[in-house]
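Asker: no FASTA, just this:
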């Protein structure tokens, strides 16, 4: 909302109106609200399809404070498939709730926070999981790189589990090329062997929409990838931010 200054013969009233306008503008800069929605051909998370290789509709809301504090929620449909690594036992929706702080120190971006994965209607409460993260990044101009350490003490029924996320982005004209490599490290040997996932892709923004084409695959999955939920696959996503 834009506020118009009003000229009056009364200097006190003019000053009051001016002060009100500045306060409103500062408040708008201090508090930022945003939303996003996306449609994707497959919801793949850490190398495994969460929708049994079917499309997903996703969206979220975010709040950010000028101090760096942020809070948000995000949701997607999921499939309770017994073939998947994560069987959500009756749940058809994933709802994430997260909070944290992000900032910059001597050119290094910092992001620290917590996230709650919720699966309403699941018959297995172990699916509802807490996770904490610390991320660092640096922008070299021609490319940006980052690494994030994620930790959970109740990772879908497992004990201490770590997920290491390495990423890089390179802008090439209007297109952004991106690469990701992730490692899932289980302390609980009964949950499965450690495995890796990787992703390469390209994205572009056009007329307010985001378009992303990526290929993702896993390696080192216990017993090998014997089902389509962790096979290599190509994903196309259209998104819109508000």
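Answerer: Received it, and whenever you're ready, just let me know what you need. Source: prediction; values computed, not measured.
Asker: And the next helix or strand past the least confident helix or strand in the chain by mean pLDDT?
Answerer: Scoring the helices and strands of the chain by mean pLDDT, DSSP states H and E places helix 11-30 at the bottom, with a mean of 50. Next along the chain after helix 11-30, taking DSSP states H and E as the criterion, comes strand 31-40.
Asker: So for that next one, what gets flagged as buried?
Answerer: Buried residues in strand 31-40, defined by neighbour count with 16 or more other CB atoms under 10 Å: 36, 38, 40. Bear in mind the C-beta positions are built from the backbone N, C-alpha and C, glycine included.
Asker: what does stretch 151-162 give?
Answerer: Buried residues in stretch 151-162, counted by 16+ other CB under 10 Å: 152, 155, 156, 158, 161.
Asker: first vs last residue of it, how far apart are they?
Answerer: Across stretch 151-162, the terminal residues are separated by 5 Å (CA to CA, to the nearest Å).
Asker: The spatially most central residue of the chain: what's it in contact with?
Answerer: For the chain, the residue nearest the mean C-alpha position is residue 74 (8.3 Å; CA atoms, centre = their mean). The contact partners of residue 74, taken as CB atoms under 8 Å, 6 or more residues apart in numbering, are 58, 59, 60, 95, 96, 98.
Asker: okay, those residues in JSON lines with neighbour count and distance to residue 50 next?
Answerer: Shown next, in JSON lines, are the contacts of residue 74 (neighbours: other CB atoms under 10 Å; distance: CB to CB, whole Å):
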{"residue": "58", "neighbour count": "17", "distance to residue 50": "10"}
{"residue": "59", "neighbour count": "16", "distance to residue 50": "15"}
{"residue": "60", "neighbour count": "17", "distance to residue 50": "15"}
{"residue": "95", "neighbour count": "16", "distance to residue 50": "13"}
{"residue": "96", "neighbour count": "15", "distance to residue 50": "12"}
{"residue": "98", "neighbour count": "18", "distance to residue 50": "17"}
